[in-house]
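Chemist: Please find the sequence and the predicted model below.
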Amino acid sequence: DAKTTQPNSMESNEEEPVHLPCNHSTISGTDYIHWYRQLPSQGPEYVIHGLTSNVNNRMASLAIAEDRKSSTLILHRATLRDAAVYYCILRPRGNRDDKIIFGKGTRLHILP
Amino acid sequence: NAGVTQTPKFRVLKTGQSMTLLCAQDMNHEYMYWYRQDPGMGLRLIHYSVGEGTTAKGEVPDGYNVSRLKKQNFLLGLESAAPSQTSVYFCASSYRISTDTQYFGPGTRLTVL
């Protein structure tokens, strides 16, 4: 399974944009890039996903490099409630044996 | 919709005891999963199911059994609990295709003494 590499932790100030990087140099052409986050004492929740093009939703934006070997999750205006562990995950398209591999993710600290 | 619910929320077992964790979803999802999360670690897949009556092994299946007798329920069993199984257990479900969003339950915190 293709792996992802993320920084262990990051800090950002409240109300400022946050860019969370993820490297996935062994990504295959059919792998989707998914982001989940886990708030303290809760289960993970879906944030966003994409294949090749940049994606936007109400929670965040996903910027995917042209060669797809890296991606960046963008929180446009971080709040204290965005403090969480963010996981970047690759999921193969059309694979019946769906096994999400979670790494350790990036722990995001938001400073008031 | 309640989404994904897990029972119980907390449990303390002695070594060698058995127990069953219940996961229920009301979203008519085909896929269901059990993960464990140890302190400071990401989630690891224990077992999963792609439909009623079917189960498959994940990354760390040893010491656990599962059953999916009804589409909405996925049970995780520990026949003889060990301290190494102390963890937080999360259940998740997704609609059908493998790229679909997974919805997670709130977790069960299990301590084995």
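Modeler: Received it, and whenever you're ready, just let me know what you need.
Chemist: Any idea what the residue in chain B positioned nearest to chain A is bridged to?
Modeler: Closest residue of chain B to chain A, C-beta to the nearest C-beta: B:Phe104 (3.2 Å). The way it works is simple: take the backbone N, C-alpha and C, and place the C-beta from them, glycine included. When assigned by DSSP bridges, B:Phe104 has beta-bridge partners B:Ala92.
Chemist: And for B:Met19?
Modeler: B:Leu78.
Chemist: What pLDDT does the model give the residue of chain B closest to chain A?
Modeler: With respect to pLDDT, B:Phe104 scores 95.
Chemist: right, and it touches B:Ser94 too?
Modeler: No. In this structure, B:Phe104 is not within contact of B:Ser94 by C-beta atoms under 8 Å, at 10.2 Å.
Chemist: Next up, the contacts around whichever residue of chain A sits closest to chain B.
Modeler: Here chain A gets closest to chain B at one residue, A:Gly43, 3.2 Å apart by C-beta to the nearest C-beta. By C-beta atoms under 8 Å, 6 or more residues apart in numbering or on different chains, A:Gly43 lies in contact with B:4, B:90, B:92, B:104-107.
Chemist: and the residues you listed as a markdown table, adding neighbour count and distance to B:Asn65?
Modeler: Below are the contacts of A:Gly43 laid out as a markdown table (neighbours: other C-beta atoms under 10 Å in any protein chain shown; distance: C-beta to C-beta, whole Å):
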| residue | neighbour count | distance to B:Asn65 |
| --- | --- | --- |
| B:Val4 | 23 | 20 |
| B:Phe90 | 25 | 18 |
| B:Ala92 | 26 | 18 |
| B:Phe104 | 22 | 21 |
| B:Gly105 | 25 | 19 |
| B:Pro106 | 16 | 23 |
| B:Gly107 | 22 | 20 |
